[in-house]
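Undergrad: Next comes the sequence, and after it the predicted model I'd like to discuss.
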Amino acid sequence: MNFGKLISYRVCGQRVVLRFAGGTGRIELISPEIVNVFCGCETEEHHSYSIEERRMWNAPIHIEEFPEGLKIITSRLEVRVFDGFRVDVYDREGRLLCGDYRGERSYEPSVNHADLILAAQEGHEVSLIDKNHKIEILKAMQGDECFYGLGDKTGPLNKRGYEYEMWNTNNPAPQMENVKSLYKSVPFFITLREDCVFGLFFDNHYKTYFDMGKENPAYYYVGADRGNLDYYMIFGENMARVVEGFCALTGTHELPPMWALGYHQSRWSYENEAELRKVASRLRMLGIPCDALYLDIDFMDHFKVYTWDNEKFPNPAGMIADLKKQGFRTVAILDPAVKKEEGYPVYEEGVKNDYFLKDANGEIYYNKVWAGVSAYPDFSEKRVRDWWGVHEKEMLDTGLAGLLMDMNEPSTFDGQMPPDVVFGNEGNAATHEEMHNLYGNLMAKAVREGWKKDGGKRPFIVTRACFAGVQKYCMSWTGDNHSIWVMLRESIAQVCGMGLSGMGFTGADVGGYGSDCNGELLARWTQVGALLPYFRNHSSRPTRHQEPWRFGDETMRICREYIRLRYRLIPYYYDLFWQMAQTGLPVVRPLVLEYEKDPRTRNLNDQFLVGPNLLAAPVLAQGMECRAVYLPEGRWLDYWKETWAEGGGYVLREAPLDCCPLYVRENAMIPMYPVQNYVGETQIRELTLLITGCEASYVHYQDNGEDMAYQKGAYNLYVFDYRDRIFQISFRHRGYERVYDSYRLLVNGQEYVISRKMAEAGFACVP
Ligand code: GLC
């Protein structure tokens, strides 16, 4: 795009319309710290599926002209616009925060055609890529940039030097760090420099390209061939504010039901009712806490969506109710594609009412998925989403507690879906080329809307594919990983990266999905999984079973220990989920999110924080029994040894197979419950509080964990305060009838059990 000379401008409220010799652009201040840069290459107005309700915050601007261009000034920023629609952003002290790169793109040309053909003969995957794109955003590298986010991507946490694409892709091969796209597309990243931080959200849902200084260390690059030039620069005093800013635009997760925070056991597939019941009894018999069991595709009649195989599962409602009595929720998989079969009502309704995607000739587009030749619902149409929701309601009526949406990239077994497949899109017909990355979000929207028909139960909806902003509708998992050590390691950066991209409720299949697991790997993976937000053990059909008891007693005991640890920590997780629903800050955080000024956290791939208070340094390699743990500034309590470690450097920690090193920050609190077989097994009357150091304050959230009553105020918000050895509770909000009768305080090695009255009056923790 060649904008040329800036000719004139016009101010309308917080928006400045800029006329260049070669086109029109505009800059809009969404808030004093959020800048939108826009040029309607294809549509005059924003065409966003991520920002569904475009909020504006009051941001008075004033304009100053200067010889080279225009300054748009807010209370926090100075946005300078130049010829060529070049945009530089400064803070009010005149420090450059983000500047457009002024040179041309330059990179080493890829090898020539003959070399590629040669390499292809040996089986190398090769392609000749045209690296130039119609829309190109080049930002000048200042030198010390680290990059984070981009949703679910492989490779290290810091994406500097890597290149990625946004094109939702189902690729069940092991996803190594050279993979450019996975199931999800979130075109948002955070740039962290020594003295500034900001986020860039490229709100373009076509295929997009990100090069974080790989092709040339002088700049980083965002590109697309279609759609608009439409991006947001989100500034803030620290990384957390930037994440919050992104979530203020695109949405936050809802509060999940509390049981969703427990352990989930899955397999493709528990083939029939007897097998599922056997898994349930085994878990209870061994005292392994568990809240959810999964039905994978084999519960359906020949993989037909919204059907049951009546031979394998003769009485779904009865089975689900029985499992519920034992404390298990049942979650079923939900694939979008509808089998082409006469007499199958879902298909026939779809044909009759014109609910499916069309090819360029206006005929229903078919491809193959599990059920064979299938059609794809056009979720871009509300009437299709409503219809989907009616069937969903029938499914949920059997008592299912959750739905896991799979294959919604959308997956096709018989070649790719052509780019010209047509979506109705509410009267603005759009092609697959445009809508591909949105299919998961639109399906999620359908399922979330359909869920509302089910009354007041909190939704538990999982998706594999998505685009930015999906967190409003559901949560997600990382898809088909493998039972190999490298993928255990990868999962930490993946989950942390998604957390920084608005999606803080995620996890990876514990034990690995494809390939065979083994005892040591399962033990280590369970230690990690127990601390990540979504904790599900899942494995693929042709692989070895990997429930916790499959590899002997020692593995079972270790897995059980960490699953129980998760259950002890449930109130801490629940508090973090509640906070995430308010702000968008993720439950599990890379250390850099809390300690961005500390350069040693910026490339830390093998440790993470649960909230601000708990640090995990898991073992991620075979045979390793000891590891270096980086502890940021301050003192840290070794959770297992109950000894203090000095932060600001590395400590060496023994970590035999039954130990995942964990540390609690000084001057912190962590609320805990007793271990239960499942969430809600007993009514919790006593809250345990681990208190470290001599001064801590903590906000704790409590509600019934089940329904939507909290939205009408049925919750309690406690403030726990500990200083000068006095522990005291107070309420910031009191709307839920149950309160704790007593507190068990674990204060620096001493234990005190005190009544609610004592806690309200202020209790002196004197040994
Ligand atoms: C996909 C899913 C996986 C599931 C399988 C069968 O590969 O990612 O979790 O088990 O399909 O439904």
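TA: That came through fine. Please read these numbers as outputs of a predicted model, since none were measured by experiment.
Undergrad: tell me the average confidence for stretch 610-618?
TA: The pLDDT scores in stretch 610-618 average 98.
Undergrad: centroid residue for this structure?
TA: Among the residues of the chain, Met503 comes closest to the average C-alpha position under Cα atoms, centre = their mean, at 2.6 Å.
Undergrad: Name the residue of this protein that lies nearest to the ligand.
TA: Using Cβ to the nearest ligand atom, the single residue of the chain nearest to the ligand is Trp268, 3.3 Å away. All C-beta spots, glycine's among them, are computed from the backbone N, C-alpha and C.
Undergrad: which stretches of the stretch 1-150 of the chain form helices?
TA: With DSSP state H, counting those that start in this stretch as the criterion, the stretch 1-150 of the chain has helices at 113-121.
Undergrad: which stretches of it form strands?
TA: 6-12, 15-20, 23-31, 34-39, 62-66, 69-73, 77-82, 86-91, 96-99, 135-140, 146-149 (DSSP state E, counting those that start in this stretch).
Undergrad: which one of those strands is the most hemmed in?
TA: Highest mean neighbour count of the strands of the stretch 1-150 of the chain: strand 146-149, a mean of 24 (counted as mean count of other Cβ atoms under 10 Å).
Undergrad: what secondary structure does the nearest residue to Leu255 once chain neighbours are set aside sit in?
TA: Spatially, and ignoring its direct neighbours in sequence, Leu255 is nearest to Ala581 (4.7 Å; Cβ to Cβ, 6 or more residues apart in numbering). Of the three states, Ala581 takes helix under DSSP: H, G, I helix; E, B strand; the rest coil.
Undergrad: a markdown table for the strands of the stretch 1-150 of the chain, including mean pLDDT and distance to Arg489?
TA: Listed next are the strands of the stretch 1-150 of the chain as a markdown table, based on pLDDT from 0 to 100; distance: least, Cβ to Cβ, whole Å:
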| stretch | mean pLDDT | distance to Arg489 |
| --- | --- | --- |
| strand 6-12 | 97 | 49 |
| strand 15-20 | 98 | 46 |
| strand 23-31 | 97 | 37 |
| strand 34-39 | 98 | 35 |
| strand 62-66 | 97 | 50 |
| strand 69-73 | 97 | 44 |
| strand 77-82 | 98 | 38 |
| strand 86-91 | 98 | 36 |
| strand 96-99 | 97 | 32 |
| strand 135-140 | 97 | 30 |
| strand 146-149 | 98 | 17 |
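Undergrad: Output those strands in JSON lines; the columns should cover distance to the ligand.
TA: Below are these laid out as JSON lines (distance: least, Cβ to the nearest ligand atom, whole Å):
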{"stretch": "strand 6-12", "distance to the ligand": "47"}
{"stretch": "strand 15-20", "distance to the ligand": "43"}
{"stretch": "strand 23-31", "distance to the ligand": "36"}
{"stretch": "strand 34-39", "distance to the ligand": "35"}
{"stretch": "strand 62-66", "distance to the ligand": "52"}
{"stretch": "strand 69-73", "distance to the ligand": "46"}
{"stretch": "strand 77-82", "distance to the ligand": "43"}
{"stretch": "strand 86-91", "distance to the ligand": "41"}
{"stretch": "strand 96-99", "distance to the ligand": "38"}
{"stretch": "strand 135-140", "distance to the ligand": "32"}
{"stretch": "strand 146-149", "distance to the ligand": "23"}
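Undergrad: before we move on, back to that, dump the residue contacts of the residue of the chain closest to the ligand.
TA: By Cβ atoms under 8 Å, 6 or more residues apart in numbering, the contact list for Trp268 reads Asp296, Ile297, Asp298, His538, Ser539, Ser540, Arg541.
Undergrad: what do you get if the cut-off is 6 Å, keeping everything else the same?
TA: Residues near Trp268 by Cβ atoms under 6 Å, 6 or more residues apart in numbering: Asp296, Ser540, Arg541.
Undergrad: next one: Leu6
TA: For Leu6, the contact set (Cβ under 6 Å, 6+ apart) comprises Phe20, Gly69, Asp83.
Undergrad: for it, which residues make a bridge with it?
TA: Under DSSP bridges, the beta-bridge partners of Leu6 are Phe20.
Undergrad: what about stretch 383-398, distance to the chain center?
TA: Mean-position distance between stretch 383-398 and its chain equals 25 Å (Cα atoms, centre = their mean, to the nearest Å).
Undergrad: quick one: buried residues of it?
TA: Taking 16 or more other Cβ atoms under 10 Å as the neighbour-count basis, stretch 383-398 is seen to contain the buried residues Val384, Arg385, Trp387, Trp388, Gly389, His391, Glu392, Met395, Leu396, Thr398.
Undergrad: same question, stretch 247-257
TA: Within stretch 247-257, judged by 16+ other Cβ under 10 Å, the buried ones are Cys247, Ala248, Leu249, Thr250, Gly251, Thr252, His253, Glu254, Leu255, Pro256, Pro257.
Undergrad: Filter the residues you listed down to the ones in strands?
TA: With strands taken from DSSP state E, there is no overlap with these.
Undergrad: can you tell me which of the residues you listed lies nearest to Asp115?
TA: When these are compared for distance to Asp115 (Cβ to Cβ), Thr250 wins out at 42.2 Å.
Undergrad: got a list of what the residue nearest to the closest one when sequence neighbours are not counted touches?
TA: Leaving aside its sequence neighbours, Thr250 sits nearest to Gly469 (Cβ to Cβ, 6+ apart; 3.8 Å). With contacts defined as Cβ under 6 Å, 6+ apart, Gly469 is in contact with Ser50, Thr250, Gly251.
Undergrad: Let's see that with 7 Å instead.
TA: Going by Cβ atoms under 7 Å, 6 or more residues apart in numbering, Gly469 touches Ser50, Ile51, Thr250, Gly251, Asn441.
Undergrad: Phi first, then psi, for it.
TA: The phi/psi pair for Gly469 (degrees, to the nearest 10) reads phi 100, psi 0.
Undergrad: I'd like to know the phi and psi angles of Glu433, please.
TA: Dihedral angles (degrees, to the nearest 10) for Glu433: phi -50, psi -40.
Undergrad: Measure how buried the residue nearest to it when sequence neighbours are not counted is and give me the count.
TA: Excluding its sequence neighbours, the residue lying closest to Glu433 (Cβ to Cβ, 6+ apart) is Pro419, at 3.8 Å. For Pro419, the neighbour count with other Cβ atoms under 10 Å is 13.
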